[in-house]
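In: The following block contains a protein sequence and its predicted model.
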Amino acid sequence: MVRYRVRGGNALRGTAFIQGAKNAVLPMIGAALLAAKGRTVLRNVPIIEDVRRAVELAEAIGAYVELHESERTLVIDASRLSSPVLPAEIARRFRGSVLFTPALLHRLGEAIVEGVGGCNLGSRNLDFHYLGYKRLGAIVDEGETVIHVKASGLTGATLYLDTPSHTGTENLIMAASLAKGTTVIENAALEPEVLDVIDILTKMGARISGGGTGFITVEGVDELHAVEHTVMPDRLDAGVFAMAAAITGGELSLVGTGLDLGVVRYKLEQMGVEFSRQGAVLHVRCEGPLRPINIITDTYPGFATDLQSPMMTVAALADGTSYIHERIFDGRFALAGELNKMGANVEVKGSRAVVRGRTPLTGTQVTAHDLRSGIALVLAALAAEGETVIESGYLIDRGHAHLAARMRALGADITREISER
Ligand SMILES: CC(=O)N[C@H]1[C@@H](OP(=O)(O)OP(=O)(O)OC[C@H]2O[C@@H](n3ccc(=O)[nH]c3=O)[C@H](O)[C@@H]2O)O[C@H](CO)[C@@H](O)[C@@H]1O
Ligand SMILES: C=C(OP(=O)(O)O)C(=O)O
């Protein structure tokens, strides 16, 4: 059992190094498995638990993988894939496991998905993925727990997503890249991580156009080759560090090439947080009291649902009433009860939450129900009086690399502990 112990009250100051993006590296590992020859090199890899699980899963299906942690580099040789089975004990521990199916379909003609994990956020359907595979010519047999997808060669088709699913778009682009002929994906996701995945696939030889427009066209090619690619910075990690500066009255320089916080920056600015770009560095500081805010989560370029929980913590520390409307997931307010244990006043009604600030927060024992509620509790703990213990730290480690060390370097009093339990 991993737990984080935080004593609040210290302002965070200094230079925060933003990790590579979890939601870009996972599909890139899936993409690397499409190359039948050679070794793929991924740089700026975040050393997070989801990446460790992805390495284990790639090894389970026969890939040779080296994770060089201090170099933040992955080397993947997928020339000898041998098993189509994504075993439950690994696949159920992270969402990114679903991104291995296109490679298995193309390389081995079938994928046996024994489970897909990820944060517990309510419904997390995969119907767009499987309907898309079917339209490309696959046979999908959905059992109670195991899904069996088979295809002896896919053929391009016109695909439509009811909503622009992030991993759904990535999976269908990967499946279409080695299909025969042309595929058009309508209502495709616009997230920057999806564009980074298109970037690596293009380097690998894929022919993809329309990324970022919502209409993606893929001309299938016969093979994709191994390349080197640097993973984009993690805008969620960056958002969390910006919020940490804001709620502790601190001042941070965020380092991560090309970092763009988009709407999250504008919302924090409305709350009184100051940002300034100094060349490649994004500077963030906050001196005065925070103002309340309204948030509506949406697909990119809207406010990212993954930063909704951290923003709830910031709202709890603002002077006045904030309103949050969660539109992507139907069960993403598990944080509210935990924040209230610390003294916040958050009321949830369906997909909306009202946060009445500012109430003083006091440290106590709290539970991370998912990755982002976990990091939101770390933020709350940084601003709380006394000591907060957050379990399970594993969920936080799924998405944030070396969190305690990075925050300690900025003046936070935070430790990561491992116990037998
Ligand atoms: C590994 C990864 O990249 N995870 C991200 C990805 O998850 P993920 O790709 O799973 O999220 P999706 O964009 O697919 O899901 C968003 C919504 O669409 C619904 N839906 C999705 C697919 C489908 O086939 N049918 C369906 O109904 C889901 O139930 C959910 O309510 O995007 C989410 C939304 O930005 C982020 O919170 C996750 O961090
Ligand atoms: C929901 C998230 O992740 P996953 O899709 O990997 O569960 C997240 O990163 O907040």
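Out: Yep, that arrived. Numbering: from 1, shown residues only. Ligands and ions are numbered 1, 2, ... in the order given.

In: CA only for contacts and neighbour counts going forward, please
Out: OK.

In: Who are the contact partners of the closest residue to ligand 2 within the chain?
Out: Closest to ligand 2 within the chain is G118: 3.3 Å, counting by Cα to the nearest ligand atom. Shown in contact with G118 (Cα atoms under 8 Å, 6 or more residues apart in numbering): R92, R93, F94, R95, G96.

In: Check T415 too.
Out: Y4, R5, V6, A404.

In: For it, name its beta-bridge partners.
Out: R5 (DSSP bridges).

In: for stretch 94-109, how far is the first residue from the last?
Out: 23 Å (Cα to Cα, to the nearest Å).

In: Likewise for stretch 292-302?
Out: So stretch 292-302: terminal residues 19 Å apart, Cα to Cα.

In: how about it: buried residues?
Out: Neighbour counts over stretch 292-302 (16 or more other Cα atoms under 10 Å) mark P292, I293, I295, I296, T297, T299, Y300 as buried.

In: With adjacent residues omitted, what lies nearest to Y64?
Out: D77 (5.1 Å; Cα to Cα, 6 or more residues apart in numbering).

In: follow-up on the earlier one: would CSV of the buried residues of stretch 292-302 with secondary structure and distance to L172 be doable?
Out: What follows is the buried residues of stretch 292-302, written out as CSV (DSSP: H, G, I helix; E, B strand; the rest coil; distance: Cα to Cα, whole Å):
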residue, secondary structure, distance to L172
P292, coil, 40
I293, coil, 36
I295, strand, 30
I296, strand, 28
T297, strand, 24
T299, coil, 18
Y300, coil, 18
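
In: Which of the residues you listed lies at the shortest distance from T362?
Out: P292 (20.3 Å; Cα to Cα).

In: With just CA atoms, put the helix or strand hosting L67 into CSV.
Out: For L67, the enclosing helix or strand under DSSP states H and E is strand 64-68. These are the backbone C-alpha positions of strand 64-68, laid out as CSV (Å, rounded to 0.1, in the frame of the first residue of the first chain):
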residue,chain,number,x,y,z
TYR,A,64,11.0,-6.9,-26.0
VAL,A,65,10.9,-3.7,-24.0
GLU,A,66,13.6,-1.7,-22.2
LEU,A,67,12.4,1.0,-19.8
HIS,A,68,15.4,3.2,-19.0
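
In: So the chain: which segments form each domain?
Out: Following the assignment in automatic domain parsing, the chain carries domains at 2-19+233-418, 22-230.

In: Now for the residue nearest to Y64: which residues touch it?
Out: With contact taken as Cα under 8 Å, 6+ apart, D77 is in contact with A32, L33, K37, G38, R39, T40, A63, Y64, V65.

In: can you give me the helices for the stretch 1-150 of the chain?
Out: 22-32, 49-60, 88-91, 101-108, 127-135 (DSSP state H, counting those that start in this stretch).

In: In PDB, list the C-alpha atoms belonging to the longest one.
Out: Included here for helix 49-60 are C-alpha records, laid out as PDB according to Å, rounded to 0.1, in the frame of the first residue of the first chain:
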ATOM      1  CA  GLU A  49       2.700   3.100 -12.900                       C
ATOM      2  CA  ASP A  50       0.600   3.100 -16.100                       C
ATOM      3  CA  VAL A  51       3.800   3.000 -18.200                       C
ATOM      4  CA  ARG A  52       5.100   0.100 -16.000                       C
ATOM      5  CA  ARG A  53       1.800  -1.800 -16.600                       C
ATOM      6  CA  ALA A  54       2.000  -1.000 -20.400                       C
ATOM      7  CA  VAL A  55       5.600  -2.400 -20.400                       C
ATOM      8  CA  GLU A  56       4.400  -5.600 -18.600                       C
ATOM      9  CA  LEU A  57       1.500  -5.900 -21.100                       C
ATOM     10  CA  ALA A  58       3.700  -5.400 -24.100                       C
ATOM     11  CA  GLU A  59       6.100  -8.100 -22.700                       C
ATOM     12  CA  ALA A  60       3.100 -10.400 -22.100                       C
END
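
In: can you list contacts of it?
Out: 22, 25-26, 29, 33, 64-65, 67, 83, 86-87, 90-91, 93-94, 96-97, 394, 397-399.

In: Next, the buried residues of that helix.
Out: For helix 49-60, by 16+ other Cα under 10 Å, it's E49, D50, V51, R53, A54, V55, E56, L57, A58, E59, A60.

In: Neighbours of the residue nearest to T388 when sequence neighbours are not counted, how many?
Out: Nearest residue to T388, sequence neighbours excluded (Cα to Cα, 6+ apart): G363, at 4.2 Å. By the criterion of other Cα atoms under 10 Å, G363 has 23 neighbours.

In: G363 and G9, how far apart?
Out: 11 Å.

In: shared neighbours of the two, anything?
Out: A384, E385.

In: one step back: got TSV for the domains of the chain, with mean pLDDT too?
Out: Converted to TSV, these look like this (pLDDT from 0 to 100):
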stretch	mean pLDDT
domain 2-19+233-418	96
domain 22-230	96
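
In: Output the set of residues of the protein in proximity to ligand 2.
Out: Contact residues (Cα under 6 Å from any ligand atom) of the chain with ligand 2: F94, R95, G96, G118, C119, D306, L371, R372.

In: Could you rank those residues by neighbour count and give me the top one?
Out: R372 (27 neighbours).

In: Who are the contact partners of that residue?
Out: Taking Cα under 8 Å, 6+ apart as the test, what R372 contacts is D306, L307, S309, P310, I396.

In: top of those residues by neighbour count?
Out: Most crowded among these, counting by other Cα under 10 Å, is I396 at 28 neighbours.

In: List phi and psi for the spatially closest residue to that residue that is not a sequence neighbour.
Out: Excluding its sequence neighbours, the residue lying closest to I396 (Cα to Cα, 6+ apart) is L371, at 4.8 Å. Dihedral pair for L371: phi -50, psi -50, per degrees, to the nearest 10.

In: what's the answer for V366, then?
Out: Phi and psi for V366, reported as degrees, to the nearest 10, are phi -130, psi 160.
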